[in-house]
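> Sequence and predicted model, in that order:
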Amino acid sequence: GAVVSQHPSWVICKSGTSVKIECRSLDFQATTMFWYRQFPKQSLMLMATSNEGSKATYEQGVEKDKFLINHASLTLSTLTVTSAHPEDSSFYICSARLAGGPGDTQYFGPGTRLTVL
Amino acid sequence: GNSVTQMEGPVTLSEEAFLTINCTYTATGYPSLFWYVQYPGEGLQLLLKATKADDKGSNKGFEATYRKETTSFHLEKGSVQVSDSAVYFCALGNFGNEKLTFGTGTRLTIIP
């Protein structure tokens, strides 16, 4: 149980295009989902917290107009990287908190590797 | 603010060796502490956690004790297996604040 999927697992795009990454909780409902970015050999950096039906809360230094987050349902959150540039290349990971579960239990997706040419 | 300092890797051990991965933290209040594991090609999985001082989290032979006096949460296993090869992340979270703060991760490789 408590499986989180991400799609796509990897994507290559041209500079200036937009890329959408989906995060789904497959067997549970998630009121809160989180988006992280992971640089090579570095830790996970929290980008934003999204709650179903409301606007995402972005961490300091994260451009909300560049990284659009939509949490349209209890099982789906999307991250859209708009006008992507090579510096946006990274590994993006989502996690989901089980609704009604312990407040500190997050289940993680396998990640999406984005390469911007 | 919150921070987690984790033992740098990579760590390479022989099968059946004793494992320790050090983790220390800085936090306000009384955080919960976690160890997550990331196997190749997979997402992070919760390995164990402890929610208050002197608690011991344990799972799959791994243990970690929440030491408030030394602000530490070191991960240990008495006899590692090849299947334990993965990246291990120490993390903390404050009750009522769902954000997690992660360490940099430690890559562990176990050789037969």
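Yep, that arrived.
> wait, B:Tyr88 sits on B:Leu19?
No. Counting by Cβ atoms under 8 Å, B:Tyr88 does not reach B:Leu19; the two are 9.3 Å apart. From N, CA and C alone the C-beta is placed, and that goes for glycine too.
> between the two, which one's more packed in?
For B:Tyr88 versus B:Leu19, neighbours defined as other Cβ atoms under 10 Å in any protein chain shown are more numerous around B:Tyr88 (25 against 18).
> Which element, helix or strand, includes the more buried one?
For B:Tyr88, the host element (DSSP states H and E) is strand B:86-93.
> Residues contacting that strand from elsewhere in the structure, which ones?
For strand B:86-93, the external contacting residues (Cβ atoms under 8 Å, 6 or more residues apart in numbering or on different chains) are A:43-44, A:104, B:2, B:4, B:6, B:21, B:23, B:25, B:27, B:31-40, B:44, B:47, B:73, B:75, B:99-103, B:105-108.
> Return the members of those classed as buried.
Neighbour counting over these (16 or more other Cβ atoms under 10 Å in any protein chain shown) leaves A:43-44, A:104, B:2, B:4, B:6, B:21, B:23, B:25, B:27, B:31-38, B:44, B:47, B:73, B:75, B:99-103, B:105-106, B:108 as the buried ones.
> quick one: the helix or strand of chain A with the lowest mean pLDDT near chain B?
Least confident helix or strand, chain A: strand A:106-108 with a mean of 88, by mean pLDDT, DSSP states H and E. Yes. Counting by Cβ under 8 Å from any Cβ of the partner chain, chain B has neighbours in strand A:106-108: A:Gln106, A:Tyr107, A:Phe108.
> interface residues of chain A facing chain B?
A:4, A:6, A:32, A:34, A:41-44, A:46, A:49, A:93, A:95, A:97, A:103-111.
> Okay, now the unreliable bits of chain B?
Scanning chain B with the threshold set as pLDDT under 70 gives B:95-97.
> Show me which residues of it are close to chain A?
Counting by Cβ under 8 Å from any Cβ, chain B sits next to chain A at B:4, B:32, B:34, B:36, B:41-46, B:49, B:51, B:89, B:93, B:95-96, B:98-105.
> Helices - which of the residues you listed land there?
Of the positions in those, not one sits in helices, assigned by DSSP state H.
> any common contacting residues for B:Tyr88 and B:Leu19?
Contacts common to B:Tyr88 and B:Leu19, judged by Cβ under 8 Å, 6+ apart, are B:Leu75, B:Leu108.
> circling back: how about TSV for the residues of strand A:106-108 next to chain B, with neighbour count added?
Shown next, in TSV, are those (neighbours: other Cβ atoms under 10 Å in any protein chain shown):
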residue	neighbour count
A:Gln106	28
A:Tyr107	24
A:Phe108	23
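> Out of these, which is nearest to A:Thr82?
Nearest to A:Thr82 among those: A:Phe108, at 24.3 Å, using Cβ to Cβ.
> Could you measure from the residue nearest to A:Pro86 when sequence neighbours are not counted over to A:Tyr92?
Using Cβ to Cβ, 6 or more residues apart in numbering or on different chains and skipping residues adjacent in sequence, the residue nearest A:Pro86 is A:Val116, 4.9 Å away. A:Val116 sits 12 Å away from A:Tyr92, going by Cβ to Cβ, to the nearest Å.
> tally of neighbours for the nearest residue to B:Pro40 once chain neighbours are set aside?
Take B:Pro40 and drop its neighbours on the chain: the residue closest to it by Cβ to Cβ, 6+ apart is B:Ala86, 7.3 Å away. Using other Cβ under 10 Å, B:Ala86 is surrounded by 21 other residues.
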